[in-house]
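Q: below are the sequence and a predicted model for it; my questions follow.
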Number of protein chains: 2
Amino acid sequence: MLPTITTFGWVPEFARGFVRDMRPRWAFEEVGQPYAVNLISDSKCPEHRRLQPFGQVPTYQDDEVAIFESGAIVLRIAECAGKLIPEDPAGRVRALQWVAAALNSVEPYVMALATNDIFEADREWSKARHVKVVSDLKTRLGDLEAALGEKFWLDGDAFTVGDLMMISVLGGLRGTGLLNDFPRLAAYVARGQSRPAHRKAMNDHMATFDAKAPA
Amino acid sequence: MLPTITTFGWVPEFARGFVRDMRPRWAFEEVGQPYAVNLISDSKCPEHRRLQPFGQVPTYQDDEVAIFESGAIVLRIAECAGKLIPEDPAGRVRALQWVAAALNSVEPYVMALATNDIFEADREWSKARHVKVVSDLKTRLGDLEAALGEKFWLDGDAFTVGDLMMISVLGGLRGTGLLNDFPRLAAYVARGQSRPAHRKAMNDHMATFDAKAPA
């Protein structure tokens, strides 16, 4: 079987471009691995929860394993292809480190902003809390920009799964204007998003929604 | 050199038991790898930030690599020892999946509670928001408990890095009473924390602070 991911067949316009199936799609394109997409409409149903306990997307399946968690899926795609992960042991460990940093040290702050400003916009605390959420996020972005320094990618010259995950996470800030204060980080994200594999993945991701009307 | 981690030489009482050096300490004890600890007092100084861009602990160094991020460190310890990660490829990928789930699908909700109730306790929104934070967290805990089911560990009979990370993350709920509503999850955390390796790691972690008065 082709490796297959599960994602939504339709999402509202504000979510397009942000659904996490973009991460495996981008990884598949980077390594040149054809894949199949299984479109679903209800991620909270018992059938889907057997694949994804938290009722989210994407999930991934190949001949050997069925998993969830975009970070683990991207690592699986990279390892199966023998690409996107440096061959030297130290470089490999650092790539894993940046995947973990994207998942645990940066994404929670990006998600906190989306949660506060979109999903909790009607709550009494949302406006007052916004300033703190942005401040915490900017601290992280400043730290990350300093770590990137003048390097092209996080670990230097080679684009790895760590960059793929970090740029995917930072892509969640599109439309917020927050990266304007971090020009090196903004340029890094733009570099990643201008890769042919990212463009192809984004086109395919968006085409899913063009082809369908909401149920 | 012995693999060496960096952590704080002193933290206030409410933080004891929760500092993330517990994760590599536990992993070292599980695999039987002696290690050294480098105690610091200022994680925000430029010297430490060269090892940890976000100014946090722990960091890790061995003869081959210097990294940060507790998830990546625990994976490094497990891979060097050839333990805590199943030998069959599918089991290995699922262990990585549970590490990613701990970092990205559970810990952000545990941290949101600590942030709201401790670090933002004096903010105007803290009390009103508490109910929503707890509700979101309980949804995750319920999903995770359902995924655990009647299994002993997340993937079945074998304790993996995925359990080590998940139980470490859930350990952050100590004192909140929130696990009382999830008896199978509470029993799972208790099983992990009663392992001799966890007890030894926690004793060593706590002994650091016993030995020192605050500066």
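A: It's in.
Q: just the angle between the longest helix that chain A contains and helix B:126-148, please?
A: Looking across chain A with DSSP state H, the single longest helix is helix A:126-148. Here helix A:126-148 runs at an angle of 60 degrees relative to helix B:126-148 (axes from the mean of the first three to the mean of the last three Cα atoms, to 10 degrees).
Q: quick one: buried residues of helix A:126-148?
A: Neighbour-count burial for helix A:126-148 flags A:126, A:129, A:132-134, A:136-137, A:140-141, A:143-148 (criterion: 16 or more other Cβ atoms under 10 Å in any protein chain shown). C-beta here means a position set from N, CA and C on the backbone, and glycine is covered the same way.
Q: element containing the spatially most central residue of chain A?
A: Central residue of chain A (Cα atoms, centre = their mean): residue A:168, 3.6 Å from the mean position. Element membership of residue A:168 [criterion: DSSP states H and E] is helix A:161-170.
Q: and the average pLDDT for the helix or strand just after that helix is what?
A: Later in the chain than helix A:161-170, the nearest helix or strand by DSSP H and E is helix A:183-193. Average pLDDT, helix A:183-193: 98.
Q: which is the next helix or strand following helix A:183-193?
A: helix A:196-210.
Q: which of the residues in that next one are buried?
A: A:197-198, A:201-202, A:204-205, A:208-209.
Q: distance to residue A:84 and pLDDT added to these, as CSV?
A: Shown next, in CSV, are these (distance: Cβ to Cβ, whole Å; pLDDT from 0 to 100):
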residue, distance to residue A:84, pLDDT
A:197, 10, 98
A:198, 13, 98
A:201, 14, 98
A:202, 18, 98
A:204, 19, 97
A:205, 19, 97
A:208, 24, 93
A:209, 27, 91
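Q: circling back to that earlier point, which element is the residue nearest to the residue nearest to the centre of chain A when sequence neighbours are not counted on?
A: Ranked by Cβ to Cβ, 6 or more residues apart in numbering or on different chains and with sequence neighbours excluded, the top spatial neighbour of residue A:168 is residue A:23, at 5.0 Å. Element membership for residue A:23, per DSSP H and E: helix A:22-31.
Q: adjacent strands (with direction) for the helix or strand just after that helix?
A: Moving toward the C-terminus from helix A:22-31, the next helix or strand (DSSP H and E) is strand A:36-40. Applying DSSP bridges, strand A:36-40 is found paired with strand A:4-8 (parallel).
Q: ok, and what's touching the strand it pairs with?
A: Residues from elsewhere that reach strand A:4-8, judged by Cβ atoms under 8 Å, 6 or more residues apart in numbering or on different chains: A:19-21, A:24-25, A:35-41, A:43, A:48, A:51-52, A:57-62, A:73, A:208.
Q: who are the packing partners of the longest helix of chain A?
A: helix A:107-114, helix A:183-193 (3 or more Cβ pairs under 8 Å, 6 or more residues apart in numbering or on different chains; DSSP states H and E).
Q: switch these over to a markdown table; also include distance to residue B:164 and mean neighbour count.
A: Shown next, in a markdown table, are the helices and strands packed on helix A:126-148 (distance: least, Cβ to Cβ, whole Å; neighbours: other Cβ atoms under 10 Å in any protein chain shown):
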| stretch | distance to residue B:164 | mean neighbour count |
| --- | --- | --- |
| helix A:107-114 | 20 | 20 |
| helix A:183-193 | 32 | 17 |
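Q: any buried residues in the helix or strand hosting residue A:73, and which?
A: Assigned by DSSP H and E, residue A:73 belongs to helix A:70-81. Within helix A:70-81, the residues that count as buried by 16+ other Cβ under 10 Å are A:70-80.
Q: out of those, which are close to chain B?
A: A:70-72, A:75-76 (Cβ under 8 Å from any Cβ of the partner chain).
Q: the helix or strand residue A:96 falls within near chain B at all?
A: Here residue A:96, judged by DSSP H and E, is contained in helix A:89-101. Yes - judged by Cβ under 8 Å from any Cβ, helix A:89-101 and chain B are in contact via A:89-90, A:93-94, A:96-97, A:99-101.
Q: count of neighbours near the residue nearest to residue A:168?
A: For residue A:23, the neighbour count with other Cβ atoms under 10 Å in any protein chain shown is 25.
Q: follow-up on the earlier one: with pLDDT and distance to residue B:2 as extra columns, can I get the ones next to chain B among the buried residues of helix A:70-81 in a markdown table?
A: Below are these laid out as a markdown table (pLDDT from 0 to 100; distance: Cβ to Cβ, whole Å):
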| residue | pLDDT | distance to residue B:2 |
| --- | --- | --- |
| A:70 | 98 | 35 |
| A:71 | 98 | 30 |
| A:72 | 98 | 30 |
| A:75 | 98 | 28 |
| A:76 | 98 | 32 |
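Q: and which of these is nearest residue B:189?
A: Nearest to residue B:189, judged by Cβ to Cβ, of those is residue A:72 at 22.0 Å.
Q: mind listing what that closest one touches?
A: Per Cβ under 8 Å, 6+ apart, neighbours of residue A:72: B:93, B:96-97, B:99-101.
Q: same thing with residue A:16?
A: A:205-206, A:209 are the contacts of residue A:16 under Cβ under 8 Å, 6+ apart.
Q: could you check how many residues crowd around residue A:82?
A: 9.
Q: what's the closest non-adjacent residue to the most far-flung residue of chain A relative to its centre?
A: For chain A, the largest distance from the centre (Cα atoms, centre = their mean) belongs to residue A:124, which lies 29.8 Å off. Spatial nearest neighbour of residue A:124, excluding adjacent residues (Cβ to Cβ, 6+ apart): residue B:128 at 5.8 Å.
Q: what pLDDT does the one you found get?
A: pLDDT, read off for residue B:128, is 95.
Q: that one contacts residue A:129, doesn't it?
A: No - look at residue B:128 against residue A:129 with Cβ atoms under 8 Å: they stay out of range, at 10.0 Å.
Q: how is chain A partitioned into domains?
A: A:4-84+A:197-210, A:89-195 (automatic domain parsing).
Q: first residue to last residue on the last one, what's the distance there?
A: Spelled out, it's domain A:89-195. 26 Å (Cα to Cα, to the nearest Å).
Q: could you do the shortest one as well?
A: In domain A:4-84+A:197-210, first residue to last residue: 21 Å (Cα to Cα).
Q: show me how far that domain is from its chain's centre.
A: Domain A:4-84+A:197-210 sits 10 Å away from the centroid of its parent chain (Cα atoms, centre = their mean, to the nearest Å).
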